[in-house]
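>>> Below are the sequence and a predicted model; questions follow.
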Amino acid sequence: MKGLLHGTRDFFFKADTESKSKSKMEQRLLLKIDWFILSYCCLMYFTNYLDRSNVSNAYVSGMKEELNMQGTDLNKINTIFTCGYIVGMIPNNLALQRIAPRIWLPVMQIIWGLLTVCTSAVKNVQQIYAIRFLQGLAESSTFVGVHYILGSWYKPEELGKRSGIFTSSGLVGTLFSGLLQAAVYKNLNGHGGRSGWRWLFIIDSVITFPIALYGFIVFPDTPATTTAFYLSEEASRSLTKPEILLAQERIKSGGKHMSLSWNGAKRILTRWRWYGCSLLFAISGETESFGSNNLMGQWLKAVGGYTIEQIDNYPSGLTAFGIASTLICCVVTDSTRSHSRWPVLAGFSVCCITSSIFLLVWNIPTSLKFLAWYLSGASYAGQATTFAWANQICADDDLERGIVLASMNMWNNVINAWWPLVFYPATDAPRFKKGMYAMIGVCIATLVVTWAVWWLEKREKRIADVREKQQTDIGGMEVRDEKCRE
């Protein structure tokens, strides 16, 4: 087991922690912040996605029948959650500028944990509507807030892997949710007079609360604002003063809080970055629709012939493929000299187009349908890659970076609020024909916007290089003129 852990660490981080360009102090700093930041962020996001996925898994495990859910009720639950998520996004991001993240994030986690307990006691679908809206408000604190903090601690060549691990932890929550629901249904269904799907939400909350407590204790905020006890200036503590200064110097912005001003707003709105990155994730994020709406689980339930345990377990293969794709793509893109992210978006778009075509044909062996569903899991690789790319693009402007990251997630969720209702209603199971055509269209649009963002980034770098060269030439001429006068 120890050898496996060392091997995993070396696979992801050896290039960072043993780089010749990094001092021993910087290597030691990376090991420490990887532990303190990633451990909490990943556990928090795990519970975040565990909660989100549990609704879809509960739906196919008895909740639909017990609450007499009809038609598109499941889609409405997801849409109402998304509306709460959108409404809470800006207030949560503003709160992170005023309240220490190690306080705010765990508080939000406790709130959604309490709401999860409430879900286990609902009597009708209308009560779930109200709870899911409030959970959306609380859970909107996590994703963008963590990506902002990751961008405050890590360099571009280090960021992709960390973003990938963080994103994958959410997918592990999705994967674990299906396996957990199957186990709960088998062992606890009817125990204490409660259905198996109700026990799922209770267990979810029990997992959530200790992790929130862990966040209160260990999360280090950002390099510029940290007050965590182990980030003392004393050399005997976890991070020494030189290491704190190094953390601030490694990243120019270091997570400094910058107030939005008219000049800042003008600077952001007159650049391409906000528009390009927001459009990119608003569109590419919808390629995750097969997994996020548990279409495979609905397909298995609609075609019949599968047990509840199988319906809960089989879609886990899609999530597992998504985790593998995310981690491999992030390691590969970080290891390249240019840290190019666009090949990942192009690759998963091709995978999703292929999956959609297979499922549109329909009259194919069941094994090929399983392959098509699993192949669509590649779309999850785009989430970590896109946000790492945006962090990289906006690395020179902390205010812009925070706004761009929040906007990307916000616009994607604005579309998500109605997209499943239109293209993936539960009544379209098992074929989801409209959704397959929509997926092909989204993938083609993703390819176009990816090329546009890549071209704009290259153009911006060329202009910056020309200006830097001109300034260097002017500086050299001034030095020569001064020498001549002497």
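Right, received. Where do you want to start?

>>> Show me the residue sitting in the middle of the chain in space.
For the chain, the residue nearest the mean C-alpha position is residue 167 (4.3 Å; CA atoms, centre = their mean).

>>> and that one, what element?
For residue 167, the element it lies in under DSSP states H and E is helix 156-188.

>>> On the C-terminal side of that helix, identify the next helix or strand.
Sequence order places helix 196-218 as the next helix or strand after helix 156-188, per DSSP H and E.

>>> what comes up buried for the helix or strand following that next one?
On the C-terminal side of helix 196-218, the nearest following helix or strand under DSSP H and E is helix 241-250. Residues 243-244, 246-248, 250 are the ones in helix 241-250 that count as buried (16 or more other CB atoms under 10 Å). Bear in mind the C-beta positions are built from the backbone N, C-alpha and C, glycine included.

>>> re the thing from before, doesn't residue 382 make contact with the residue nearest to the centre of the chain?
No - between residue 167 and residue 382 there is no contact under CB atoms under 8 Å: 9.5 Å.

>>> Outside of the helix or strand residue 105 falls within itself, which residues are in contact with it?
For residue 105, the element it lies in under DSSP H and E is helix 101-119. In this structure, residues lying in contact with helix 101-119 by CB atoms under 8 Å, 6 or more residues apart in numbering are 44, 47-48, 51, 54-55, 92, 95-96, 128, 131, 134-135, 138-139, 141-142, 145-146, 149, 201-202, 204-205, 208-209, 211-213, 215-216, 218-222, 228.

>>> Quick one, which of those residues are buried?
Listed as buried from the contacts of helix 101-119 are 44, 47-48, 51, 54-55, 92, 95-96, 128, 131, 134-135, 138-139, 141-142, 145-146, 149, 201-202, 204-205, 208-209, 211-212, 215, 218-222, 228; burial here means 16+ other CB under 10 Å.

>>> picking that back up, which member of the buried residues of helix 241-250 is positioned nearest residue 63?
Set against residue 63, the nearest of those by CB to CB is residue 247 (46.2 Å).

>>> Assess the claim that the closest one and residue 221 are in contact.
No - with contact defined as CB under 8 Å, residue 247 does not count as touching residue 221 (11.1 Å).

>>> got any ranges where this protein has weak pLDDT?
Scanning the chain for pLDDT under 70 picks out 1-22, 227-241, 243, 252-260, 472-486.

>>> How far off centre is the longest helix belonging to it?
Using DSSP state H, we find that the single longest helix of the chain is helix 433-485. Centroid separation for helix 433-485 versus its chain: 26 Å, with CA atoms, centre = their mean, to the nearest Å.

>>> any idea how far residue 211 is from residue 58?
For residue 211, the distance to residue 58 equals 21 Å [CB to CB, to the nearest Å].

>>> Between helix 196-218 and the helix holding residue 105, find me the angle.
In terms of direction (axes from the mean of the first three to the mean of the last three CA atoms, to 10 degrees), helix 101-119 departs from helix 196-218 by 170 degrees.

>>> Now the terminal residues of stretch 308-325, how far apart.
In stretch 308-325, first residue to last residue: 28 Å (CA to CA, to the nearest Å).

>>> got the buried residues for that stretch?
Buried-residue list, stretch 308-325, by 16+ other CB under 10 Å: 308-309, 311-325.

>>> Could you list the residues in contact with stretch 356-371?
In contact with stretch 356-371 (CB under 8 Å, 6+ apart) are residues 299, 314, 317, 372-373, 376, 431-433, 436-437, 439-440, 443.

>>> Most neighbours among those, please name it.
Per-residue neighbour counts (other CB atoms under 10 Å) across the contacts of stretch 356-371 peak at residue 376, which has 29 neighbours.

>>> separation between it and residue 440?
If you go by CB to CB, the gap between residue 376 and residue 440 works out to 12 Å.

>>> And for residue 276?
In this view, residue 276 and residue 440 are 23 Å apart by CB to CB.

>>> For the nearest residue to residue 385 once chain neighbours are set aside, which residues are in contact?
Once flanking residues are discounted, residue 385 sits nearest to residue 344: 4.3 Å by CB to CB, 6 or more residues apart in numbering. Contact analysis of residue 344 by CB under 8 Å, 6+ apart lists 329, 333, 381-382, 385.

>>> Same check on residue 84?
Here residue 84 is in contact with 132-137, 140 (criterion: CB under 8 Å, 6+ apart).

>>> any chance of these in JSON lines, with secondary structure and distance to residue 395 too?
Shown next, in JSON lines, are these (DSSP: H, G, I helix; E, B strand; the rest coil; distance: CB to CB, whole Å):
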{"residue": "132", "secondary structure": "helix", "distance to residue 395": "36"}
{"residue": "133", "secondary structure": "helix", "distance to residue 395": "35"}
{"residue": "134", "secondary structure": "helix", "distance to residue 395": "35"}
{"residue": "135", "secondary structure": "helix", "distance to residue 395": "33"}
{"residue": "136", "secondary structure": "helix", "distance to residue 395": "30"}
{"residue": "137", "secondary structure": "helix", "distance to residue 395": "30"}
{"residue": "140", "secondary structure": "coil", "distance to residue 395": "24"}
